[in-house]
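**Q** just the structure for this:
(chains A, B, C and D)
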Protein chains: 2
Amino acid sequence: MNVTIVDIARKAGVSPSTVSRVLSGHPKISAATARKVKEIMEAMDYHPNVMAKSLVSKVTRTIGIVLPRPAEELFLNLFFSEVIRGVVTQATRSGYDLMLTTGSTEREEVDAVNRLVRGRRVDGLILLYSREGDPVIKLLKENNFPFVLIGRSEEHSDILTVDNNNVQAAYDVTRHFIAQGHTRIGFVSGPPDLTVSKDRLAGYRNALAEAGIAARPDWIVEGDFLQESGYRAMSFIMNVPDRPSAIVVMDDVVALGVLGGVTELGFKVPQDLALAGFNNIPMSELTSPPISSVDIGIYQLGYTASQTLLRAVKGEPVHQQRMLIPHRFIARESSIFKPPS
Amino acid sequence: MNVTIVDIARKAGVSPSTVSRVLSGHPKISAATARKVKEIMEAMDYHPNVMAKSLVSKVTRTIGIVLPRPAEELFLNLFFSEVIRGVVTQATRSGYDLMLTTGSTEREEVDAVNRLVRGRRVDGLILLYSREGDPVIKLLKENNFPFVLIGRSEEHSDILTVDNNNVQAAYDVTRHFIAQGHTRIGFVSGPPDLTVSKDRLAGYRNALAEAGIAARPDWIVEGDFLQESGYRAMSFIMNVPDRPSAIVVMDDVVALGVLGGVTELGFKVPQDLALAGFNNIPMSELTSPPISSVDIGIYQLGYTASQTLLRAVKGEPVHQQRMLIPHRFIARESSIFKPPS
DNA sequence: ATTTCCAATGCAAACGATTGAATGATGTCA
DNA sequence: TGACATCATTCAATCGTTTGCATTGGAAAT
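**A** Numbers count the residues shown, from 1 in each chain, chains lettered A, B, ... in the order given. Take a look at the predicted model:
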């Protein structure tokens, strides 16, 4: 059916092994033979069978990326697409292909990962986000399989990670409010089992504590990564008797919902409620008022993760086991109170 | 190293072929043997080697998705992530894995596709977007390789496609403006070599022609799919001596740029310029004013494309060769002129 | 007690590459 | 001229499955 290495060999009057060696640039193949074989490969439009190749070589030149379940919601959040963009760009540049998997339950997710890992389908994996007691990490460690976690793991200290200093980032944002005289500062968190949620919450608490401000549990609301949850958070938090004057939101998409919710309730941002988010999605600049946000270098996270993974896969030395991508707070109107002039 | 079918066979005291048959649910394997083998597979944590499997079966249970180049920009636009979400969901549900590829030049893209197709890496491909004279389509047809195009092809009438009726959709939007008394209607287009750009432009022209309004070339600006281009379009179009009073924008992300640009120039939407976009991204609802948009069912496009592709791959009958996903115009404030009350 | 038949399993040849060891054809040197 | 190193190439085994065809052993039929 398809043209194989044997066809090329026959046509060129050499053995399959020679063709294979030409293909892999083996040193002791004469220039003449190499040229002839290459010509014939070109003429016959030969493409090596990847499956056969990786069956024997045990290398797939493919990395996998495990999407957080439920896959259904994830792309709604720009974070994931931006990470993937970073990964796909770096991987492609390095000649690697990318596979995507998910599962809608934990069981399915583990099965999917097993298929990839044990089935020798990929050479390495990138995990987006760590949650408490993630069975996938355990699985990969047991199998001694190369992987990089985007985020931080509380349980495993000996794995490759690429992360932001989220504690510091949230601290910075909270300080920004405190510096402007705010003392009633709320927080809209992500799912509490995610490490990133914990870290940002910790940074927020640190800043408060440092300033001698007691944290108010009713000003800390739990959300997810959808706009909707920002709405909901507001209808709750703006109705507590003594409501906050500023709020730190764990994600810009959620912050958009917060902005919408607050506005709908008849409040003004930043006069009635100052607001800042994370991730600095392109949209943050275009709302009215534009939303302050921490740029965490999402693309960089993906790019670096892929780069690190490929090093690990190839057995090259990895300089740092835990890499930190720098963040940068970008103050916009939503968090800067301008007295009416 | 890894446990193989031979290990299982030895342990179970049967031949590898029997194990293989148990694995594939062959009818004439005794219940007793099947049970025993399955137990041992479980106990030894056996996972079949995917490469070996697909080397002989010539089936990979994987579909590929070719991202439009340059990959760098694409994820900025929600369209792509939403399509992929649809594809990954459907594919995963059907037990298929997903591969992503790109190339940054046409040559690279063709090479990447060749690697996947000729290297027997995937069973089918999904193409996002068609452009004039796309060499990838030609390549796939020549190889008789299953694929589905999201969009419409002008050159090839015999391929599987999933698309919207973009002519009709743009017609609807333009009519919406005309019905409100607008006669000076502009258009911000996408890259002119994309079929979707042509179709929407055609719908716009049709509506104008039907209403006896002459199209004004200087009111038709070319953009891409980035916010930036909306900005640029505005600084141009709002400075022509006789500027339009309404504008149809090919993409919501671009429309966001348009909104920003127009506002920055000191104009009001919709009073000075009425505005409507396409794709109905979540953000459109949250701008001020909210942006009218055509919901084209992006997720559905991806989901249906994947579904259709898998049918084709498995040789199942495909009811329709060209599938249309319905669209729906959602009128919001940006396109509805409210006289000051 | 043979022969026949069928269900259950085993044999061995693929699939398309890679790779260590063996071979053959040169050239070099005494 | 013969022995020997050297370089380029071939041989054959291997990777982990699948699958058409052969084999086996016992029940049913003669």
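
**Q** specify the local secondary structure of residue A:174.
**A** For residue A:174, the assignment made with DSSP: H, G, I helix; E, B strand; the rest coil gives helix.

**Q** who are the packing partners of the helix or strand hosting residue A:35?
**A** Assessed by DSSP states H and E, residue A:35 sits inside helix A:31-43. Contacts defined by 3 or more Cβ pairs under 8 Å, 6 or more residues apart in numbering or on different chains; DSSP states H and E place helix A:31-43 against helix A:5-12, helix A:16-23. For every residue, glycine as well, the C-beta is placed using N, CA and C.

**Q** among the ones you listed, which is nearest residue B:57?
**A** helix A:5-12 (19.7 Å; Cβ to Cβ).

**Q** list of residues touching the closest one?
**A** Contacts of helix A:5-12 with the rest of the structure, by Cβ atoms under 8 Å, 6 or more residues apart in numbering or on different chains, involve A:15-16, A:18-20, A:23, A:33, A:36-37, A:40-41, A:44, A:46, A:48.

**Q** likewise stretch A:233-246?
**A** The contact list for stretch A:233-246 (Cβ under 8 Å, 6+ apart) reads A:177, A:180, A:182-186, A:188, A:216, A:218-219, A:221, A:223, A:247, A:254, A:257-258, A:261-262, A:265, A:267, A:270, A:272-276, A:335.

**Q** out of those residues, which end up buried?
**A** A:177, A:182, A:185-186, A:188, A:219, A:221, A:223, A:247, A:254, A:257-258, A:261-262, A:270, A:273-276, A:335 (16 or more other Cβ atoms under 10 Å in any protein chain shown).

**Q** and residue A:163, that's in a strand?
**A** Yes: assigned with three-state DSSP, residue A:163 falls within a strand.

**Q** show the contacting residues for it.
**A** Residue A:163 makes contact with A:150, A:151, A:152, A:301, A:322, A:323, A:324, A:325 under the criterion Cβ under 8 Å, 6+ apart.

**Q** what about the residue of the stretch 101-250 of chain A found nearest chain B, neighbour count?
**A** Of the residues in the stretch 101-250 of chain A, the one nearest chain B is residue A:118, at a distance of 3.4 Å by Cβ to the nearest Cβ. By the other Cβ atoms under 10 Å in any protein chain shown criterion, the neighbourhood of residue A:118 contains 19 residues.

**Q** distance of it relative to DNA strand D?
**A** Distance of residue A:118 to DNA strand D, given as Cβ to the nearest atom of the strand, to the nearest Å: 9 Å.

**Q** one more: residue A:259?
**A** Counting by Cβ to the nearest atom of the strand, the separation of residue A:259 from DNA strand D is 54 Å.

**Q** so what pLDDT did that residue get?
**A** In this model, residue A:259 is scored at 92, pLDDT.

**Q** helix, strand, or coil at it?
**A** What three-state DSSP gives for residue A:259 is helix.

**Q** which residues of chain A lie near DNA strand C?
**A** Contacts of chain A with DNA strand C, taken as Cβ under 7 Å from any atom of the strand, map to A:1-2, A:4-6, A:16-17, A:20-21, A:23-24, A:48-49, A:52-53, A:55-57.

**Q** may I see the PyMOL selection of the buried members of the residues you listed?
**A** The following PyMOL line selects those of these that are buried, judged by 16+ other Cβ under 10 Å:
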select buried, chain A and resi 4+5+20+21+23+48+49+52+53+55
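
**Q** would TSV of the contacts of helix A:5-12 with pLDDT be doable?
**A** Formatted as TSV, the contacts of helix A:5-12 follow (pLDDT from 0 to 100):
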residue	pLDDT
A:15	92
A:16	93
A:18	94
A:19	94
A:20	94
A:23	92
A:33	89
A:36	92
A:37	92
A:40	94
A:41	94
A:44	94
A:46	94
A:48	94
